[in-house]
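Please work out how this folds:
(one chain, ligands or ions: 4)
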Amino acid sequence: MFITPENPEEYPTSLVDNQKKPWGEYHEQKTQIQQGEKTAYPSIICTAGLEQHNKKECVGCYQEEHYTAKPNPWKKSVTTKHQIVHFAFYHNVPRLDKDGNHASYQDKYLYNSLRCEGDACKFCAANVEKVFGKLLKLKLGPNHTKNVLGGDGWNAGEKKMKFYRGIRHQLNWTCGGCGGQIVTKASLCGGCGTIIEDFSKLQGSDPKDMLGSLRGKIEQKLQLPTTCSKCNWSGFPDEASDCCYDAEGNMNIKKLRCSFEAPQRMDLYSTVLQLNKEGAGTDSAIKMKAVFSIDETSNNPYQFEVEEPLVEIVNRAISINGGLFNLDKEIAEMCLPPEIQAKILGVPNAYAGGPRIPGSDTEVQERPKFAGSAGVVIPKQ
Ligand SMILES: [Zn+2]
Ligand SMILES: [Zn+2]
Ligand SMILES: [Zn+2]
Ligand SMILES: [Zn+2]
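Ligands and ions are numbered 1, 2, ... in the order given. Prediction:
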């Protein structure tokens, strides 16, 4: 389950567009380094900042600007960081010091939180205390970010740019009360309830097209303020929607019964999701396998192996962690000075010996060096 601060004021600030969002967001620049048999992909967080004409020092951007061949491997890619509560058993395993005694710090015993391995779990056998649910950080690279949040992205399999609708968008059209799909039939006046526009005749193009698809068109219409000709009410129209539909929105599924009076759109933060990673490496994608509502009165509620209510599990996981993660602080700590960026990426530091304006020197450096950058120390993550 995705978690975010309750108060939008406390949302992390995106380093990509300076907006506050429920997730952390930044540009990553990475390279490829051959270390004998192994290929490493060290990366840095782009530190150039948002001002196009007043870029701050960033070794990745320097490389991007001075690399002449195509494709340019230094292109920035959006990476996001989320916090989630993982609904699984974790053991509180005592941390041992070098003499094999239970380690402590400032009079407090230290524990490692390790995933229970199920039937063959050695911690279960040893009766080590276990709890259900753990707060974790989830870092999503550019394609996985698109899988979850939607947007245009490079599809390595098909070798072309592709629109990803995204799990978030899928959830927006899934009803929390029944788990079926939502069909929006009309927009209504928020004052007198008169039909403003009947959507039953509305046609959409390719469902994959965000704006041209039927859902895309309806979304845009619902986001447009209107004025009612009958009662003069102004504002965003209400929606007249129905649920319990199949994936295509064509057929009412008989066995679905909605527990809510009106369809309720779901989102990342009000659902328990079962996400799977399919495929490997750059071809991998995050797919939604199942979705459940966190509302206990829903006919499609989560069902855990434990009796505890969801809110208790979530609150305990957050409190064991000492509160939510501070994503702003963590991302800021990962923004590094150029000399360290250069070391990580295995390229010379163009900013050494005083600040220079990138691009103003005549000595164009042909980089990145993909092979043979021996002696580069790649810090462990
Ligand atoms: Zn950069
Ligand atoms: Zn176990
Ligand atoms: Zn429903
Ligand atoms: Zn009206």
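
mind checking the SS state of the residue of the stretch 201-350 of the chain found nearest ligand 1?
Closest approach between the stretch 201-350 of the chain and ligand 1, counting by CB to the ion: residue 341, at 8.6 Å. For glycine as for every other residue, the C-beta is placed from the backbone atoms N, C-alpha and C. Under DSSP: H, G, I helix; E, B strand; the rest coil, residue 341 falls in the helix class.

and the residue nearest to it when sequence neighbours are not counted, what is it in contact with?
Nearest residue to residue 341, sequence neighbours excluded (CB to CB, 6 or more residues apart in numbering): residue 59, at 4.0 Å. Residue 59 makes contact with 44, 338, 341, 342, 345, 347, 349, 350, 351, according to CB atoms under 8 Å, 6 or more residues apart in numbering.

run the last query once more with 7 Å
44, 338, 341, 342, 345, 347, 349, 350 (CB atoms under 7 Å, 6 or more residues apart in numbering).

re earlier: for residue 5, see how far away the residue of the stretch 201-350 of the chain closest to ligand 1 is.
Per CB to CB, to the nearest Å, residue 341 is found 30 Å from residue 5.

One more: residue 351?
Distance, residue 351 to residue 5, using CB to CB: 35 Å.

that older thread, Provide the backbone phi and psi angles at the residue nearest to residue 341.
The phi and psi torsions at residue 59 (degrees, to the nearest 10) take the values phi -60, psi -30.

Begin at 35, not 1, for the rest of this chat.
New numbering, starting at 35: the last item is residue 93.

thinking again about what came up before, what about residue 375 and residue 39, which has more around it?
Here residue 375 and residue 39 are compared on neighbour count by other CB atoms under 10 Å; more neighbours surround residue 375, at 27 against 16.

close enough to count as contact, that one and residue 78?
Yes: judged on CB atoms under 7 Å, residue 375 makes contact with residue 78 at a distance of 4.7 Å.

list residues touching both of these two?
With CB under 7 Å, 6+ apart, residue 375 and residue 78 have common neighbours 93, 94.

count of neighbours near residue 126?
Neighbours around residue 126, by other CB under 10 Å: 16.

That one: which element?
Residue 126 belongs to strand 111-128 when assigned by DSSP states H and E.

Give the partner strands of that strand in its sheet and their orientations.
Take DSSP bridges as the rule and strand 111-128 pairs in its sheet with strand 36-37 (antiparallel), strand 58-64 (antiparallel), strand 145-149 (antiparallel), strand 164-174 (antiparallel).

can you pull the buried residues of the following helix or strand past the second one?
So the one you mean is strand 58-64. Later in the chain than strand 58-64, the nearest helix or strand by DSSP H and E is strand 67-69. If you call a residue buried by 16 or more other CB atoms under 10 Å, then strand 67-69 has these buried ones: residue 67.

Could you list the residues in contact with stretch 314-322?
Outside stretch 314-322, the residues that reach it (CB under 7 Å, 6+ apart) are 177-178, 181-182, 190-191, 201, 204, 307, 309-313.

mind listing the helices for the stretch 185-334 of the chain?
201-206, 248-256 (DSSP state H, counting those that start in this stretch).

Throw those helices into a markdown table and include mean neighbour count, thanks.
Formatted as a markdown table, the helices of the stretch 185-334 of the chain follow (neighbours: other CB atoms under 10 Å):
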| stretch | mean neighbour count |
| --- | --- |
| helix 201-206 | 18 |
| helix 248-256 | 18 |
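
May I see the ones you listed organised as TSV, with mean pLDDT added?
TSV is the format used below for the helices of the stretch 185-334 of the chain (pLDDT from 0 to 100):
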stretch	mean pLDDT
helix 201-206	92
helix 248-256	89
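
So which of the contacts of stretch 314-322 is the closest to ligand 4?
residue 204 (32.1 Å).
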